[in-house]
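# Sequence first, predicted coordinates after that:
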Amino acid sequence: MMATWLTGIQRLILPPTCLLCGTGGAAGQDLCAGCAADLPRNTSACPRCALPLPTDPTGPCPRCLSQPLDLDFDRAFVPFRYQPPVDFLIRELKFSGRLTHARWLGERFAAALAERDAPPPDCIVPVPLHPRRLRERGFNQALELARGAARHLRIPLLPAGLRRVRHTPPQTRLDARQRQTNPLGAFVPGAPLPGPRVALMDDVVTTASTVAECARILRASGAADIEVWAIARVATPP
């Protein structure tokens, strides 16, 4: 009762405003209707790696068909494309510490996932940061995004399912070839998995090399079904 009263007072003093345009938003919403409608949905995508495609796919994308063993996960679900304004929200989260963006993006991810008719995983494992990077940033954006999805979908969250033991340069500083090899050997198994169905959570999928390496470790740890979850997918990896 007290929390509800305080929330009501807060909304009177600080009415909700849109995270993007700053205009007044609906109660309980962080984006106005116009900005929410402008979010770039990843509706036409490869069913294996979620790569955005120009038309509805009839099967996996050319890379997944030609190199099926390179990606050690079974499929990916990524509801948005890494384009404005989603890219802005993710950059603000990662580099400006806007954790409210993680809550909102996690909730939007959960809402998109709830529209599917698919069995839930046994747990969500976020892609971990190296301890050095975690100290620099102060939080793991993949974990913060996974919290929102786990809470709304009521799926167990396993923050220590993987450990990052090798500090690597940020993928954004590397070219396509370097991105493919950069994550190799960076991860080791963490806490035991509670079941064979695992959702691997990250913020953005670019070349899929990081999530592929994480999936390889999870597979060796007993995961039989691995689905990559992320907020956004880059349409044309650099």
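On my side now, so go ahead. Numbering: from 1, shown residues only.

# When you work out contacts or count neighbours from here on, use the C-alpha atoms and nothing else.
Fine.

# Double-check that Arg163 belongs to a strand.
Yes - assigned with DSSP: H, G, I helix; E, B strand; the rest coil, Arg163 falls within a strand.

# which residues touch it?
If you count contacts by Cα atoms under 8 Å, 6 or more residues apart in numbering, Arg163 has them with Pro128, Leu129, His130, Phe187, Val188, Pro189, Gly190.

# shaky segments in this structure?
1-16, 24-29, 68-69, 172, 237-238 (pLDDT under 70).

# about what we covered before: tell me the one among the contacts of Arg163 nearest to Leu200.
Nearest to Leu200 among these, counting by Cα to Cα, is Pro128 at 10.3 Å.

# ok, the closest one touching Ala142?
Yes - using Cα atoms under 8 Å, Pro128 is in contact with Ala142, at 7.4 Å.

# which residues in this protein form helices?
Using DSSP state H, the helices found in the chain span residues 2-13, 33-37, 62-66, 86-96, 99-114, 131-137, 141-153, 176-181, 209-220.

# Need these in TSV (columns: mean neighbour count and distance to Asp74).
TSV is the format used below for the helices of the chain (neighbours: other Cα atoms under 10 Å; distance: least, Cα to Cα, whole Å):
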stretch	mean neighbour count	distance to Asp74
helix 2-13	10	42
helix 33-37	12	30
helix 62-66	12	11
helix 86-96	17	25
helix 99-114	20	16
helix 131-137	13	29
helix 141-153	22	19
helix 176-181	15	19
helix 209-220	22	9
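
# Would you mind giving those helices as CSV with distance to Pro169 added?
As requested, these are exported to CSV (distance: least, Cα to Cα, whole Å):
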stretch, distance to Pro169
helix 2-13, 42
helix 33-37, 33
helix 62-66, 25
helix 86-96, 15
helix 99-114, 23
helix 131-137, 10
helix 141-153, 17
helix 176-181, 9
helix 209-220, 12
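
# CA atoms only for stretch 44-51, dumped as CSV, please.
The C-alpha trace of stretch 44-51 is given here as CSV (Å, rounded to 0.1, in the frame of the first residue of the first chain):
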residue,chain,number,x,y,z
SER,A,44,12.2,-11.0,-41.6
ALA,A,45,15.2,-12.9,-40.2
CYS,A,46,17.2,-16.1,-40.5
PRO,A,47,15.6,-18.7,-38.2
ARG,A,48,19.0,-19.9,-37.2
CYS,A,49,21.1,-16.8,-36.5
ALA,A,50,18.4,-14.1,-36.7
LEU,A,51,20.3,-12.2,-39.4
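
# who's in contact with that stretch?
So stretch 44-51 is contacted by 42, 52-57, 59-61, 64, 74-78, 208, 233-235 (Cα under 8 Å, 6+ apart).

# again, 7 Å this time
Contacts to stretch 44-51, defined as Cα atoms under 7 Å, 6 or more residues apart in numbering, come from residues 52-57, 59-61, 74-78, 233, 235.

# cool, and stretch 109-126?
By Cα under 7 Å, 6+ apart, stretch 109-126 touches 79, 142-143, 146, 149, 152-153, 155-159, 161, 194-202, 231.

# make it 8 Å
With contacts defined as Cα under 8 Å, 6+ apart, stretch 109-126 is touched by 77, 79, 142-143, 146, 148-150, 152-153, 155-162, 193-202, 231.

# Quick one, which of those residues are buried?
Among the contacts of stretch 109-126, those that count as buried by neighbour count (16 or more other Cα atoms under 10 Å) are 77, 79, 142-143, 146, 148-150, 155-162, 193, 196-202, 231.

# Tell me, how many residues neighbour Ala118?
8 (other Cα atoms under 10 Å).

# Many thanks, I have nothing further to ask.
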